[in-house]
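> model the structure of this input:
(chains A and B)
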Amino acid sequence: GAVVSQHPSRVICKSGTSVKIECRSLDFQATTMFWYRQFPKQSLMLMATSNEGSKATYEQGVEKDKFLINHASLTLSTLTVTSAHPEDSSFYICSARDPRAGGPETQYFGPGTRLLVL
Amino acid sequence: SQQGEEDPQALSIQEGENATMNCSYKTSINNLQWYRQNSGRGLVHLILIRSNEREKHSGRLRVTLDTSKKSSSLLITASRAADTASYFCATEFYNQGGKLIFGQGTELSVKP
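Reported below is the predicted structural model:
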């Protein structure tokens, strides 16, 4: 099946710094990617929809100036957590839709990036 | 909130027993998907069931969908210790660009 990668898999940073997370679709072109956040023992919460060549669509309550999303190519979306604080520590997961299949399109999830802000 | 609800939140069974997890949602869907997540890891897609389907099977997995009750269930038969994981349902709503809304999840523990 389709593969989605994320980099880095784990990052530790100091409070106030910015962190960039990459999400790549390895064997298909993804016009749409999604970013989720998951706190320990909780479910995934959708943060934003990333569309290639246009601005991301953020879910209610997600600060677009804090979580910058760039979808510059059909295989790469980046999430930048700006001025990270300890409360931003979480598991960030991206997903991408493979438009090649007919009918409902399965989303393929990346392995996630664990962010720890000290 | 559109987030679906799952029950039970936690389920502990013995190997060989069946495990049933339920998911409810609030508005009309395009499809409903079940995912598995091992502790601290990424998601694994299990089954997708479309809104016009009522039941689907995949190996030891059986998923049902009742759109009149806005609910779905995931049955794992003859469970194994390796099935221990968190299981999430996720709904794709109409005209939402394909985004998925996840349920709260069921933490399944299968004891050998």
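
> dump stretch A:58-73 to CSV, restricted to CA.
Extracted in CSV, the C-alpha atoms of stretch A:58-73 (Å, rounded to 0.1, in the frame of the first residue of the first chain):
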residue,chain,number,x,y,z
TYR,A,58,-7.6,25.1,10.1
GLU,A,59,-10.1,23.5,12.5
GLN,A,60,-11.8,25.6,15.1
GLY,A,61,-9.6,26.5,18.0
VAL,A,62,-6.3,25.8,16.2
GLU,A,63,-4.0,28.8,15.9
LYS,A,64,-2.9,29.2,12.3
ASP,A,65,-0.2,31.6,13.3
LYS,A,66,1.3,29.1,15.7
PHE,A,67,0.9,26.0,13.5
LEU,A,68,2.2,27.0,10.1
ILE,A,69,1.4,24.6,7.3
ASN,A,70,3.0,24.6,3.9
HIS,A,71,2.1,22.2,1.1
ALA,A,72,4.5,23.3,-1.5
SER,A,73,4.5,20.1,-3.6
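
> give me the contacts around that stretch.
Residues from elsewhere that reach stretch A:58-73, judged by Cβ atoms under 8 Å, 6 or more residues apart in numbering or on different chains: A:33, A:35, A:45-48, A:50-54, A:56, A:77-83. C-betas here are computed from N, CA, C, even on glycine.

> buried stuff in it?
By neighbour count with 16 or more other Cβ atoms under 10 Å in any protein chain shown, stretch A:58-73 contains the buried residues A:Tyr58, A:Glu59, A:Val62, A:Phe67, A:Leu68, A:Ile69, A:His71.

> ok, B:Arg41 touching A:Phe109?
No. Between B:Arg41 and A:Phe109 there is no contact under Cβ atoms under 8 Å: 10.3 Å.

> which bits of chain A sit near chain B?
A:32, A:34, A:36, A:42-46, A:49, A:57, A:91, A:93, A:95, A:97, A:103-112, A:114 (Cβ under 8 Å from any Cβ of the partner chain).
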